[in-house]
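[1] Return atomic coordinates for the entry below.
(chains A and B)
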Amino acid sequence: MNPEINPAEQFLRMDRMPHIWCPGCGAGIVVNCFTRALIESGIDVDKTVVVSGIGCTGRIAGYLKLDSFHTTHGRPIPFATGLKIAKPELQVMVFSGEGDLVSIGGNHLIHAARRNADIKVFCVNNFTYAMTGGQVGPTAPIHSIATTTPYGAFDQPFNLPFLADSTGAAYVARWTTFHARQLTNCMKEVIRKPGFCFVEIISPCPTIYLRRNRLGDGLDAMRYYKKNSKIMNNVNTRTVDLGDNRPIIVGKFVDRERPTLLEAMNQELCRKIGPKYEPYPTGVQK
Amino acid sequence: MKADPKGVLTGVHFLDGDHACCEGAIAAGCRVAFGYPITPSTEIVERMSKRLPLVGGLFVQMEDEIASSIAIQGAVWGGKKSITVSSGPGISLMMEHIGFAAMTETPCVIVNVQRAGPSTGLPTLPSQADMMQARWGSHGDYEIIAIAPNSPQECFDLTIHAFNLSERYRVPVFVMMDESVGHMTERVVIPHADQIEIVDRKRPQGNRQDYLPYQPVDGLVPAMASAGEGYRFHVTGLTHDERGYPVMTAETQDKLIKRLVNKIRTQADELSMVEEFQTEDAEIILVAYGITSRVVLRTLELAREKGLKVGVFRPVIVWPFPAERLLKAVAATKAVVVPELNMGQVVLEIERLIRGSVPVHSIPHAGGALHDPEEILKHIEEVIS
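    Numbers count the residues shown, from 1 in each chain, chains lettered A, B, ... in the order given. Just a heads-up that it's a prediction; the model follows:
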């Protein structure tokens, strides 16, 4: 391999560079971790598909040189569910923001987790609607300033790992963009894990969120993540909410065995219909 | 290409329109369906859930119609044919994804078993008041195809046709049923698979690296790859160029939207599917579609018994509207009368096309029941006098 060329480039649409993300944004780190996970996992990239919704993170699909779908706001999860069902041999990964996946798309998130759709969801949480200029989001901390909470946010933010865990996700983790190595390893693990996987990635938005809340720049955010994160694998997700003066609890919280949507369907139909039923392919390698 | 016999329930059946529509979809090659219960379309998804697992497919009841209308598109990009079905409120929820399908040229079929609205309206009673929604319901400029069956047999036949047209033109195709057609039970003849013609989307040829997902190859329609075949293509609802890449310029918008619109508008004649009854000598032409096209056949009988020269023009495909055929049919008439189960929707298109050369009379009906054929006759007699 040519040492002059970043190994990530083979998975990027270099003809679309420069990208739209601001200096200090975490989206690029997420993409970089993902390309490394692709290389290190040895996965068949022609069978790997990326689906995004709308927003800054939603642009990830457009920069990855894979089969990639930039869908509608909030709907990458049901699109990905349909795609996976149609072609179970595909590895279907969703990259989108917390506004997309949890606010407008929240209903799809909890139902995909409940039915254990075999898709991998990476939720980049930057605490704001950055693409539209910084409105309050479903994870914005109390008191945080946004263009639509000019006096401070006052409604309770979601604890995303707890939400995914309690609705049945097979795998739940949280990392920050400071934890590039752990995030890459997490992605590699998720690629091999059947079922609905949910990974929250806490990510800085220096231009919109940090600046407006006087939290410094991208580098300050990385220092903050480094100093205040605490790795606590397998901890009860009820306890990992992000509050004032609390550490950012990161790690792998949930890794459970559950039949995927298609496996569960096959089990039920085999039971009822008997040998006449030809099991539907599930894409799960045993 | 012929239908896969596995999905074809050959024989003579006694089915309602909803069940016949489901069989049409399966005969057309649809193996993956998503939906959400809503009266009066629920019987379609119920039958889907029973039948699809027996033919190598599956139905998943999604959390809502928004999810259903995008899950079908994921399935289509995975190489399958897919369908969702709903009625008024559910179809309203799907509208953003109709635009997404139009923009990304994702072939799919949406069945609307129309009930009276707006809002919850009359869930168990018929209407034809979603005809303009089918055409214009999503934001932006685009074209779709809409077919209006008037019997269970046609629910079978025309659902197959809807799939074929969606694959041929890569557009969302609406099957515009209504509660009365959906719940009417009649004889449905399902032919042998080798008598059912099936159209599949054009696949790309040549090198994978050279594939341009939005470069038209067949008229104005591009070839369509599926995910997982090594093309590594990009699809977006943003305005895009031939590579499928977003380009935020007026020039790209102009080129793309003109192609999306023209790929249907320029085919309006090829797409026209019309039934005419006694139009040759008609002085009054009744234009009606869907269930109303059956009601007016009784009016036609009554009128002819009275010696009134009435004819019936029925667009089976309502959108794009068969303009040439209509203009030919009405050229020598004295008036056009348009009964429809809405407050006057398709009549606007007819007035636009006729441009005042013949008087056009609307017979609106707010829905919840069908027109009385004798009332339509009275209206004709008023027009004549």
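[2] which secondary structure elements does the longest helix along chain A contact?
    Longest helix in chain A by number of residues (criterion: DSSP state H): helix A:27-41. Packed against helix A:27-41, as judged by 3 or more Cβ pairs under 8 Å, 6 or more residues apart in numbering or on different chains; DSSP states H and E, are the following elements: helix A:60-63, strand A:91-97, strand A:120-125, helix A:180-192. (Each C-beta comes from the backbone N, C-alpha and C, glycine too.)
[3] And the helices in chain B?
    Counting by DSSP H, the helices of chain B are B:17-27, B:42-51, B:65-77, B:88-104, B:131-136, B:152-169, B:179-183, B:250-265, B:292-305, B:323-330, B:346-354, B:373-384.
[4] for the shortest one, the distance to its chain's centre please.
    If I follow you right, that is helix B:179-183. 15 Å (Cα atoms, centre = their mean, to the nearest Å).
[5] just stretch A:66-76 next, same as before
    13 Å.
[6] CA-only coordinates of that stretch in CSV, if you can.
    Output of stretch A:66-76 as CSV, limited to C-alpha atoms (Å, rounded to 0.1, in the frame of the first residue of the first chain):
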residue,chain,number,x,y,z
LEU,A,66,-20.0,2.3,-0.5
ASP,A,67,-23.6,1.7,-1.5
SER,A,68,-25.0,4.6,0.4
PHE,A,69,-28.4,6.2,0.9
HIS,A,70,-29.2,9.7,2.2
THR,A,71,-32.8,9.3,3.0
THR,A,72,-35.5,11.5,4.6
HIS,A,73,-35.4,13.2,8.0
GLY,A,74,-35.8,10.7,10.8
ARG,A,75,-36.3,7.7,8.5
PRO,A,76,-33.0,6.0,8.0
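[7] near chain B at all, that stretch?
    Yes: against chain B, stretch A:66-76 shows contacts by Cβ under 8 Å from any Cβ of the partner chain at A:66, A:67, A:68, A:69, A:70, A:71, A:72, A:75.
[8] Can you lay out those as a markdown table showing distance to residue B:319?
    Listed next are the residues of stretch A:66-76 next to chain B as a markdown table, based on distance: Cβ to Cβ, whole Å:
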| residue | distance to residue B:319 |
| --- | --- |
| A:66 | 36 |
| A:67 | 32 |
| A:68 | 32 |
| A:69 | 27 |
| A:70 | 28 |
| A:71 | 25 |
| A:72 | 23 |
| A:75 | 25 |
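[9] just for the stretch 151-286 of chain A, where's the confidence low?
    A:286 (pLDDT under 70).
[10] That one against chain B: which residues are in contact?
    A:261, A:262, A:265, A:269, A:273, A:276, A:277, A:278, A:280.
[11] CSV please, covering the helices and strands packed on helix A:27-41 and showing mean neighbour count.
    Formatted as CSV, the helices and strands packed on helix A:27-41 follow (neighbours: other Cβ atoms under 10 Å in any protein chain shown):
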stretch, mean neighbour count
helix A:60-63, 25
strand A:91-97, 30
strand A:120-125, 26
helix A:180-192, 19
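[12] With respect to residue B:364, which of these lies nearest?
    Of all the helices and strands packed on helix A:27-41, it is strand A:91-97 that lies closest to residue B:364, at 45.1 Å by Cβ to Cβ.
[13] neighbouring contacts of the very next helix or strand once past the closest one?
    Following strand A:91-97 in sequence order, the next helix or strand is helix A:98 (DSSP states H and E). Residues from elsewhere that reach helix A:98 (Cβ atoms under 8 Å, 6 or more residues apart in numbering or on different chains): A:123, A:124, A:125, A:126, A:127, A:137, A:138, A:139, A:158, A:160, A:200.
[14] tell me the contacts of the nearest residue to residue A:47 once chain neighbours are set aside?
    Spatial nearest neighbour of residue A:47, excluding adjacent residues (Cβ to Cβ, 6 or more residues apart in numbering or on different chains): residue B:228 at 5.0 Å. Applying Cβ under 8 Å, 6+ apart to residue B:228 gives the contacts A:46, A:47, A:49, A:67, A:87, A:89, A:90, B:78, B:79.
[15] What's the local residue count around the fifth one?
    The reference is to residue A:87. Using other Cβ atoms under 10 Å in any protein chain shown, residue A:87 has 24 neighbouring residues.
[16] and it, what is it in contact with?
    B:78, B:79, B:80, B:226, B:227, B:228.
[17] Distance of it relative to residue A:80?
    11 Å (Cβ to Cβ, to the nearest Å).
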